[in-house]
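Visitor: I'd like to go over a predicted model; first the sequence, then the structure.
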Amino acid sequence: MTNLDAHPAESSCEAGPACAGIELVEPRDVPLGGPRGMTVRRTLPSKARSMIGAFCFIDHYGPDDVAATGGMDVAPHPHTGLQTVTWLFEGRVLHRDALGSLQEIAPGQLNLMTAGAGICHSEQATPGLFPDDGRLHGVQLWTALPSGSRDGERLFEHVADLPTFTVLDAEDGGPAGVVRVVMGALGGVASPARAFSPLVAVQVDLEPGALVRLDVDESFEHGVLVDSGDLTLEGTRVDVAWLGYVAPGRRVLELRAGDEPVRAVLVGGEPFAEQILMWWNFVGRSHDEVVEARRLWQDAVAGGAEGEARFGKVAGYPGPSLPAPELPNVRLRPRER
């Protein structure tokens, strides 16, 4: 997925200060293009918080009627210095990338793309592409790659069956829900997906009224994004589409469901040690680095050999690549926290 803001703001992405309570991050609506285009809800980066561990971007979308909204049709676009982490609750998406990957993703699966120094890809879930899937609903996250990995090999992984485990109710000891481990490890269950820094990402599905206590790494900061249902995190209500942030220092996270089933996404990781500069679809370290990435992508859009050597080319997408927005007339700099 891409950031389609016409005037994307640069973001300082660094570990935030410790927080005694639960910090609530409000989502903002971001259109993916066109008057009928699908809208996503973005909680990272935000004015309140720019990162949780290595996670620097969270988009949450749906459930959308693909026939009514036009679904998802994101033309080839670039990424640098990050991984895209995509999984679905409903529907299917078709991924193409510069490595020649052509991969459908369905609920219970993971698409993980590592950009390294540069890659491009497209994503589609349009009317008629998957006639049996009328609704689209899921998340896409980005993780920042640390120095030593961010200029490395570009990769694509598809995990067809993510591991799960059952969680027990803290009050009656009975089954309370299921945790699907997307990245990292939790509850003694590990995802096969490749990560480049200590992190975790899971989907949590809880039965109505369930109270669960998840054993977590106390060196991690965590965020819980609520997809559906009435959820309290450590006694604090987190509304649907909002993100609840928990600072490092806790060994257990308590989640309680209300009268309806709850679905939530838990992410976490060690506070990222490096400050990063994120503008549009690029994660870099400096103004000059981002400017050069944009120049080369524009060259690739025009069919230039220099740009294609950096980002590659997506084959089979029925349309042109997405040009980069104009850079602001000031030097890119980290946003003050």
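Guide: Now that the structure is in, tell me what you want to look at.
Visitor: for residue 266, see how far away residue 182 is.
Guide: Separation of residue 182 from residue 266 (Cβ to Cβ, to the nearest Å) stands at 10 Å. (C-beta placed from N, C-alpha, C; glycine too.)
Visitor: what touches both of these two?
Guide: 201-203 (Cβ atoms under 8 Å, 6 or more residues apart in numbering).
Visitor: so residue 290 sits in a helix?
Guide: Yes - read with DSSP: H, G, I helix; E, B strand; the rest coil, residue 290 is one of the residues of a helix.
Visitor: tell me how many other residues crowd it.
Guide: Residue 290 sits with 22 neighbouring residues when counted by other Cβ atoms under 10 Å.
Visitor: so it sits against residue 332, correct?
Guide: Yes - Residue 290 is in contact with residue 332 according to Cβ atoms under 8 Å; the separation is 5.8 Å.
Visitor: list just the nearest of the shared contacts of residue 182 and residue 266 to residue 55.
Guide: Closest to residue 55 out of these is residue 201 (7.6 Å), distances taken as Cβ to Cβ.
Visitor: what's the pLDDT at that closest one?
Guide: For residue 201, the pLDDT comes out at 98.
Visitor: and if you look at residue 334?
Guide: Confidence at residue 334, expressed as pLDDT, is 66.
Visitor: residue 76 against residue 315, yeah?
Guide: No - with contact defined as Cβ under 8 Å, residue 76 does not count as touching residue 315 (9.6 Å).
Visitor: compare the shared contacts of residue 182 and residue 266 and tell me which is most surrounded.
Guide: residue 201 (27 neighbours).
Visitor: ok, the shared contacts of residue 182 and residue 266 vs residue 42, which is closest?
Guide: Taking the shared contacts of residue 182 and residue 266 together and measuring to residue 42 by Cβ to Cβ, the closest member is residue 201, at 16.6 Å.
Visitor: within the sheet, what are the partner strands of the helix or strand containing the closest one, with directions?
Guide: Using DSSP states H and E, the element containing residue 201 is strand 199-206. When pairs are called by DSSP bridges, strand 199-206 turns out to pair with strand 175-183 (antiparallel), strand 262-269 (antiparallel).
Visitor: coming back round to it: in terms of neighbours, single out the busier of residue 182 and residue 266.
Guide: Using other Cβ under 10 Å as the criterion, residue 182 and residue 266 rank with residue 182 on top: 26 against 23.
Visitor: hey, what's the closest residue to the more buried one other than its chain neighbours bridged with?
Guide: Spatial nearest neighbour of residue 182, chain neighbours left out: residue 201 (4.4 Å); criterion: Cβ to Cβ, 6 or more residues apart in numbering. As for beta bridges, residue 201 partners with residue 183, residue 267 under DSSP bridges.
Visitor: and for residue 189?
Guide: Going by DSSP bridges, residue 189 forms beta bridges with residue 186.
Visitor: check residue 228 too.
Guide: residue 263.
Visitor: how deep is it tucked in, by neighbour count?
Guide: So residue 228, with other Cβ under 10 Å, has 16 neighbours.
Visitor: okay, it: pLDDT?
Guide: We have a pLDDT of 98 for residue 228.
Visitor: so it makes contact with residue 262?
Guide: Yes - in this structure, residue 228 is within contact of residue 262 by Cβ under 8 Å, at 6.7 Å.
Visitor: return the residues in contact with the residue lying closest to residue 221 once chain neighbours are set aside.
Guide: Excluding its sequence neighbours, the residue lying closest to residue 221 (Cβ to Cβ, 6+ apart) is residue 248, at 5.0 Å. With contact taken as Cβ under 8 Å, 6+ apart, residue 248 is in contact with 18, 218-221, 270-271.
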